[in-house]
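Visitor: need the 3D shape of this:
(2 chains)
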Amino acid sequence: AQSVSQHNHHVILSEAASLELGCNYSYGGTVNLFWYVQYPGQHLQLLLKYFSGDPLVKGIKGFEAEFIKSKFSFNLRKPSVQWSDTAEYFCAVTPRDSSYKLIFGSGTRLLVRP
Amino acid sequence: DTGVSQDPRHKITKRGQNVTFRCDPISEHNRLYWYRQTLGQGPEFLTYFQNEAQLEKSRLLSDRFSAERPKGSFSTLEIQRTEQGDSAMYLCASSPEGSGNTEAFFGQGTRLTVV
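Guide: Sure thing, here's the model as predicted:
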């Protein structure tokens, strides 16, 4: 069965610390990959996406992610976090079949202390 | 606001009652999805429409759940004989047609509480 694993459920960092959130997926075919963010009280928003090409993708607000096909991973990184990055982060994959439904991980709650 | 719109934002209902939620997708988007999110979990896929055709349903969608998209525009999700286990956030998303762009845009969700 298709699945997405996010290794950290809760992460607490101080401002200016570096961030890396792990994401691994299980699917034998070709996928599109996404990171979504949900700020407190807001809807899910796209942070970045990977469809093809350069496996290092850059998103909004200084976030980036690297697709490593051999490891089925798509880890999210940011060199220096800010208090405003406090949010829940979801990794998701879309198998490239007809429905393009999203399969989400369970999420990582990030708390950045000022 | 031209994003995905969901109504109502919150719904409290007694067990056994029927509820209906509405989703208005981004106007040029052909694909519409319903997801359910419970506390501490990521959203789980429920069903998918391409225009007015419902093309896929998750096994999570029991017989008490029905979704429609009658004219390929807005969609409704109805839950009959609600149970406490139905309490969750119900999310709607839409995306444009085309294999190259599957970015989904989400609404604010409808939070259902069954008491």
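
Visitor: now the closest residue to A:Lys78 other than its chain neighbours: how far from A:Arg77?
Guide: Spatial nearest neighbour of A:Lys78, chain neighbours left out: A:Leu19 (4.5 Å); criterion: CB to CB, 6 or more residues apart in numbering or on different chains. From N, CA and C alone the C-beta is placed, and that goes for glycine too. Taking CB to CB, to the nearest Å as the measure, A:Leu19 and A:Arg77 are separated by 6 Å.

Visitor: how about the residues of chain A near chain B?
Guide: A:4, A:9, A:32, A:34, A:36, A:42-46, A:49, A:51, A:90, A:92, A:94, A:96, A:98-107 (CB under 8 Å from any CB of the partner chain).

Visitor: out of those residues, which are buried?
Guide: A:4, A:32, A:34, A:36, A:43-44, A:46, A:49, A:51, A:90, A:92, A:94, A:99-105, A:107 (16 or more other CB atoms under 10 Å in any protein chain shown).

Visitor: just to revisit the earlier point, more neighbours: which of A:Leu19 and A:Arg77?
Guide: The residue with more neighbours, out of A:Leu19 and A:Arg77, is A:Leu19; 19 against 14, by other CB atoms under 10 Å in any protein chain shown.

Visitor: at the contact with chain A, which residues of chain B appear?
Guide: B:3-4, B:31, B:33, B:35, B:40-45, B:48, B:50, B:55-56, B:91, B:93, B:95, B:99-109.

Visitor: centroid residue for the chain?
Guide: Reading this off chain A. The centroid of chain A falls nearest to A:Trp35 when counting by CA atoms, centre = their mean (3.3 Å).

Visitor: look at chain B instead
Guide: B:Trp34 (3.1 Å).

Visitor: now the residue in chain A positioned nearest to chain B. Nearest residue, chain neighbours left out?
Guide: Residue nearest to chain B within chain A (CB to the nearest CB): A:Phe104, separated by 3.2 Å. Computed as CB to CB, 6+ apart, the closest residue to A:Phe104 that is not its neighbour in sequence is B:Gly42, at 3.2 Å.

Visitor: sec struct for that neighbour, please.
Guide: Following DSSP: H, G, I helix; E, B strand; the rest coil, the label given to B:Gly42 is coil.

Visitor: isn't it up against A:Phe90?
Guide: Yes - using CB atoms under 8 Å, B:Gly42 is in contact with A:Phe90, at 5.1 Å.

Visitor: need the overlap of contacts for the two.
Guide: A:104-105, A:107 (CB atoms under 8 Å, 6 or more residues apart in numbering or on different chains).

Visitor: show only the entries of those residues found in strands.
Guide: Within those, residues falling in strands by DSSP state E are A:Phe104.

Visitor: residue contacts, the residue nearest to A:Lys78?
Guide: Here A:Leu19 is in contact with A:11, A:13, A:76-78, A:81, A:85, A:110 (CB under 8 Å, 6+ apart).
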